[in-house]
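Colleague: how does the following fold in three dimensions:
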Amino acid sequence: MQRIVAILVIVVGGWGGSAFAHSVYTYGDDFDLPILDKSWMDDAIIKITDNILISDLDVGISLTHTNVFDLQIFLQSPAGTPLCLNMYDVEKEFSVYPNYTNTIFDDEAQESIKQAEPPFTGRFKPIEPYELSKFDNEQAWGIWRLQIHDMFWSDTGTLNSFELIITIPEPATATLLLLGVCLMRLRRPRGN
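Modeller: Below you'll find the predicted structure:
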């Protein structure tokens, strides 16, 4: 019986463990930061006080703006790592469309933000070649900054919300595997 239990623990830990081997933490806030013509918005800041290691990071934003093609959007980690989430060449890609509405930047999304049309709603990969995996294995603790630059005149807006969705690994899979090995050793017959 112990052998069967040990084998089941090893199988569940090694195969099905991914179903429960991660925890997700969400940090964010509502903001009312103006995005003014031809200038940088004041940084939207999220301060994380938990000491956790990032396994996967997604970024959510909602903003109203008369023309999102004017905007360059950047994220900076507490370690100082910068990443461009989206930007356009206003001379080559100029169009007039508004808003990011419940937009989530996610490396695992099906569609790139570059292929999507505003208003952006849903999950999108950041503009190529940038990937949020750049933050994997960084500590989340500290001050995160969302920075938005308006590149053109005559369009304004407001950052409404900004959030970080952080997945961290749990030791559950490793613990189950170790438990299974220990149970197998306990059950192994001893030599005379």
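
Colleague: strands along the protein, start to end?
Modeller: Assigned strands in the chain, in chain order: 22-35, 44-48, 56-65, 71-76, 82-86, 100-105, 120-124, 142-150, 157-169 (criterion: DSSP state E).

Colleague: in a markdown table: these, plus distance to residue 113, mean pLDDT and mean neighbour count.
Modeller: To be clear about C-beta, it is placed using only N, CA and C from the backbone, and glycine gets the same treatment. As requested, those are exported to a markdown table (distance: least, C-beta to C-beta, whole Å; pLDDT from 0 to 100; neighbours: other C-beta atoms under 10 Å):
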| stretch | distance to residue 113 | mean pLDDT | mean neighbour count |
| --- | --- | --- | --- |
| strand 22-35 | 17 | 96 | 14 |
| strand 44-48 | 18 | 98 | 16 |
| strand 56-65 | 11 | 98 | 21 |
| strand 71-76 | 9 | 97 | 20 |
| strand 82-86 | 5 | 98 | 19 |
| strand 100-105 | 7 | 98 | 21 |
| strand 120-124 | 4 | 97 | 18 |
| strand 142-150 | 14 | 98 | 19 |
| strand 157-169 | 16 | 96 | 19 |
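
Colleague: could you say which one of those comes nearest to residue 135?
Modeller: Each of the strands of the chain was checked against residue 135 via C-beta to C-beta, and the shortest separation belongs to strand 56-65, namely 4.7 Å.

Colleague: report all helices and strands that that closest one contacts.
Modeller: Of the remaining helices and strands, those touching strand 56-65 by 3 or more C-beta pairs under 8 Å, 6 or more residues apart in numbering; DSSP states H and E are strand 22-35, strand 71-76, strand 100-105, strand 142-150, strand 157-169.
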